[in-house]
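Colleague: predicted model follows, preceded by the sequence.
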Amino acid sequence: MTTPGAVIVDAVAYALAVEDAVKASAAYYEGGTSALDDDAYDRLVRSIAAWEAEHPGQVLPESPTGKVAGGAVEGDVPHTVAMLSLDNVFSPQEFTAWTASLARRVGHEVTRYSVEPKLDGLAIAARYTQGRLTRLITRGDGTAGEDVSHAIGTVEGLPERLTEPVTLEVRGEVLMTTAQFEHANEVRTAHGGQPFANPRNAAAGTLRAKERAYTVPMTFFGYGMLALPDTGTALAATLAESPHSDLMARVAGLGVNTPATTAVAGLTADTAEDVLARVQEIAALRAELPFGIDGIVVKADLAADQQAAGSGSRAPRWAIAYKLPAVEKITRLLGVEWNVGRTGIIAPRAVLEPVEIDGSTITYATLHNPADITRRDLRLGDHVMVHRAGDVIPRIEAPVAHLRTGDEQPIVFPETCPRCGADIDTSEQRWRCANGRNCHLVASLSYAAGRDQLDIEGLGHTRVVQLVEAGLVADLADLFTLTREQLLGLERMGETSTDNLLAALATAKGQPLSRVLCALGVRGTGRSMSRRIARHFATMDHLRAADAEAIQQVEGIGTEKAPSIVSELAELAPLIDKLAAVGVNMTEPGATPPPAPGTEADGPEGGTAAASPAGPLAGMAVVVTGGMTGPLEKLSRNEMNELIERAGGRASSSVSKKTSLVVAGEGAGSKRTKAETLGIRLLTPDEFATLVADCLDTAESTAQTVEAGGR
Ligand SMILES: NC(=O)c1ccc[n+]([C@@H]2O[C@H](COP(=O)([O-])OP(=O)(O)OC[C@H]3O[C@@H](n4cnc5c(N)ncnc54)[C@H](O)[C@@H]3O)[C@@H](O)[C@H]2O)c1
Ligand SMILES: [Zn+2]
């Protein structure tokens, strides 16, 4: 496969490109899945055309340029009048240039245009004899198409009998609506087939399939009507002389479906500006339409203008397709994430190799539910067709199965809730955490009890689930009012564990504000940010009194984060009050609150300038690396960071020129080397312990208390 859009360097590359394009086109029009999305195909054809322009003597006869359907398909039923392709414009400027060239051909400005959606399906000619549908023919190579009359009866909007016994040909687009496409893929995969990559592809494949064990419906929209050899002369003359808009009204009157039944009905417009306004309207409606459009077709409405403009071999000169940006691209499925929603719904989300669609880079797409993944037979590593229109969430249509290499891996479904670890209720299509709405509670309580937050020993995940299920806790504060009797009433809860848990809870109440804050799980405030906030404000009251501007004084909090922290704290107010009421500590030891700007002092410390950080590490940036030993052995990395900050320093995770000190323990590697290279002061854990000895006591005593609480 050549790289689509790459510059073709020689005749060999040219021949390969032509081969690829012909293959892609054949798949595209005949219902196989093309290996290329439309953008890639169009780029390939452009590079072929560019090479041909430079080497006019070497153009291959099978080249797709200048041909209907790229010359890739043919047929044996001749068309009375050629079924052509359309030329494209991509911008208002190109469109205006086209109207100017049209005016030159016609000999005057065109004063009436017809503006219709460009339906994204495939062209078909429906022949009616005395009002009865007798034949369906594909566009083929434009001069002759393929007989697909077997599809009669499966195409909605294309009646087998017209309201009048006339003989004529209706032309239009056969497509699948989004709902028809979903249905078609369900039926197809139920019959062991590969899902179609997109609705267009599904319509093409379905229309041509002759002997299938099942039928799936499609939809027809008419966009043209003309006489057949057997049409009466009077009618033939009327058809030949009618403006396009009149013909369309007539098509609808005969009982055939047209875009008039949709939000993007065909309209006429008198000026290029009015056309462009309608183009914008249709473009804006695109995302919500129940079927795909890939542009807007603008036609000279009057028959005389059409005749004056004439047609080329590939496209008429009196019509143009105003193309809209492609909304589908092929990319790769790299992974699947499982997210738990507010109500406990566990929804899969596709992680994609980033792909640009209509100006945005898409990295995620919705996958609906596990059954949907199975139905689409998606595998990790698959090439997938991704659809995104407007603000609608991108979705994966289907894998491009024939691009598989064999290295694709099955998608692993979770066995337990990815957030709280509970069982999953798989009885419905949409999976749900067995904890339902409480899933969030279990997850947030487990997080709050974690070692770096309130460090509540003995309150593991299982116990949290038990407490929540027993209805004993509905929020974090409820933990601290649990009684001995309540705990003893739980399964597998003996006297010792009960007492240990109660002791651990009592200890947890004394945790510094920074940890309480962290336990609350305010978005955007992890461990170190919680510590910075706590040290800055010193008390919960000062923090809660702060507005966004005041919160921005904390290092690392910008204009975006500050308001969200303020509003989350406001949301959490009832819980914070409840926690304070049950005796949870709301102050940060050793920190001094900032002065209240412009207000009277509201406490003993109010109004005084915030003390600059004091302590042995005042103003220092400290990095800890390697394993801690000696007095520091038991401290987690988070506890080391807390210690550093208590000692007036700032904990950081990476070594740079700004680093003042590196504590390098056992097995320290690259950070130590870097510190050495930069000439930064290095200390062993023991040396560091001596340096911060005064501040160390508190940390150690906390660790020991918890240990007494039953580790
Ligand atoms: N992905 C691939 O491998 C691949 C291969 C071949 C072609 N393509 C794509 O196909 C397009 C060119 O193909 P084409 O010649 O079939 O289509 P086209 O874009 O040139 O447009 C002509 C067709 O538009 C349709 N149409 C829809 N609404 C219409 C309306 N209101 N009035 C008149 N016609 C209307 C008709 O079917 C008509 O035949 C390109 O966008 C190309 O990217 C893709
Ligand atoms: Zn859960």
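Modeller: Happy to help now that I have it. Ligands and ions are numbered 1, 2, ... in the order given.
Colleague: need the three-state assignment for residue 164.
Modeller: Following DSSP: H, G, I helix; E, B strand; the rest coil, we place residue 164 in the coil state.
Colleague: roughly how far does residue 428 sit from ligand 2?
Modeller: 15 Å (C-beta to the ion, to the nearest Å). Yep, even glycine has a C-beta here, placed from its N, CA and C like the rest.
Colleague: can you check residue 676 too?
Modeller: Applying C-beta to the ion, the value for residue 676 to ligand 2 is 47 Å.
Colleague: pretty sure that residue sits in a helix.
Modeller: Yes. Counting by three-state DSSP, residue 676 is located in a helix.
Colleague: next, count neighbours for the closest residue in space to it that isn't next to it in sequence.
Modeller: Excluding its sequence neighbours, the residue lying closest to residue 676 (C-beta to C-beta, 6 or more residues apart in numbering) is residue 682, at 7.1 Å. Neighbourhood size, residue 682 [other C-beta atoms under 10 Å]: 16.
Colleague: what is the helix or strand containing residue 682 packed up against?
Modeller: Using DSSP states H and E, residue 682 maps to strand 681-683. In terms of contacts (3 or more C-beta pairs under 8 Å, 6 or more residues apart in numbering; DSSP states H and E), strand 681-683 is packed against strand 661-664, helix 670-678.
Colleague: give the next helix or strand downstream of that strand.
Modeller: Downstream of strand 681-683, the next assigned helix or strand under DSSP H and E is helix 685-691.
Colleague: list the helices and strands that next one packs on?
Modeller: Applying 3+ C-beta pairs under 8 Å, 6+ apart, we find helix 685-691 packed against no helix or strand.
Colleague: show me the contact partners of it.
Modeller: Helix 685-691 has contacts (C-beta atoms under 8 Å, 6 or more residues apart in numbering) with 616-617, 628-633, 647, 663, 665, 683, 696.
Colleague: at 6 Å what do you get?
Modeller: When contacts are defined by C-beta atoms under 6 Å, 6 or more residues apart in numbering, helix 685-691 is touched by residues 616, 628, 629, 630, 631, 632, 663, 665.
Colleague: give me the mean pLDDT for that helix.
Modeller: Mean pLDDT, computed over helix 685-691, is 91.
Colleague: likewise for stretch 478-498?
Modeller: Regarding stretch 478-498, the rounded mean pLDDT is 94.
Colleague: who's in contact with residue 354?
Modeller: Contact partners of residue 354, counting by C-beta under 6 Å, 6+ apart, are 361, 363.
Colleague: the longest helix anywhere in the chain near ligand 1 at all?
Modeller: As assigned by DSSP state H, the longest helix anywhere in the chain is helix 11-30. Yes. Contact of helix 11-30 with ligand 1 is found when judged by C-beta under 6 Å from any ligand atom, involving 24, 25, 28.
Colleague: list the contacts for residue 671?
Modeller: By C-beta under 6 Å, 6+ apart, the residues touching residue 671 are 625, 655.
Colleague: let's see it at 10 Å
Modeller: 623, 624, 625, 626, 653, 654, 655, 659, 662, 663, 664, 680 (C-beta atoms under 10 Å, 6 or more residues apart in numbering).
Colleague: what's the answer for residue 280, then?
Modeller: Counting by C-beta under 10 Å, 6+ apart, residue 280 has contacts 92, 296.
Colleague: what about it, distance to ligand 2?
Modeller: According to C-beta to the ion, residue 280 stands 45 Å off from ligand 2.
Colleague: cool, residue 691 as well?
Modeller: As judged by C-beta to the ion, residue 691 and ligand 2 stand 45 Å apart.
Colleague: start at 35 instead
Modeller: Got it, first residue is 35 now, which makes that one residue 725.
Colleague: and that residue, how far from residue 380?
Modeller: Computed with C-beta to C-beta, to the nearest Å, the distance linking residue 725 and residue 380 is 49 Å.
Colleague: equivalent analysis for residue 459, please.
Modeller: 9 Å.
Colleague: overlap in contacts of these two?
Modeller: The contact sets of residue 459 and residue 380 overlap at 451, 465, 466, 467 (C-beta under 10 Å, 6+ apart).
Colleague: returning to that earlier point: list the buried residues of the helix or strand just after the longest helix of the chain.
Modeller: As assigned by DSSP H and E, the chain's next helix or strand after helix 45-64 is helix 72-88. Buried residues in helix 72-88, counting neighbours by 16 or more other C-beta atoms under 10 Å, are found at 72, 73, 74, 75, 76, 77, 78, 79, 81, 82, 85, 86.
Colleague: chain neighbours aside, what residue packs nearest to the first one?
Modeller: The shortest distance from residue 72 to any non-neighbouring residue, by C-beta to C-beta, 6+ apart, is to residue 360 (5.2 Å).
Colleague: which residues touch that neighbour?
Modeller: By C-beta under 10 Å, 6+ apart, the contact list for residue 360 reads 71, 72, 73, 74, 75, 76, 328, 390, 391, 392, 421, 422.
Colleague: please redo it, this time with the cut-off set to 8 Å
Modeller: 71, 72, 73, 328, 391, 392.
Colleague: and what of residue 574?
Modeller: Residue 574 sits next to 547, 550, 551, 610, 614, 620, 621 when contact means C-beta under 8 Å, 6+ apart.
Colleague: and the third one, helix, strand or coil?
Modeller: Local secondary structure at residue 551 is given as helix here, using three-state DSSP.
Colleague: just the pLDDT at the residue nearest to residue 361 when sequence neighbours are not counted, thanks.
Modeller: Excluding the flanking residues, the one nearest residue 361 by C-beta to C-beta, 6+ apart is residue 423, at 4.4 Å. For residue 423, the model assigns a pLDDT of 82.
Colleague: domain ranges for the chain, per the record?
Modeller: Using automatic domain parsing, the domain parsing of the chain gives 45-105, 111-357, 362-444, 472-542, 543-645, 655-742.
Colleague: which residues of this structure score low on pLDDT?
Modeller: 35-39, 630-647, 731-745 (pLDDT under 70).
Colleague: get me the contact residues on it for ligand 2.
Modeller: Within the chain, the residues that sit near ligand 2 (C-beta under 5 Å from the ion) are 451, 453, 454, 456, 467, 469, 473.
Colleague: if we can go back for a sec, of the contacts of residue 574, closest to ligand 1?
Modeller: Nearest to ligand 1, judged by C-beta to the nearest ligand atom, of those is residue 551 at 53.9 Å.
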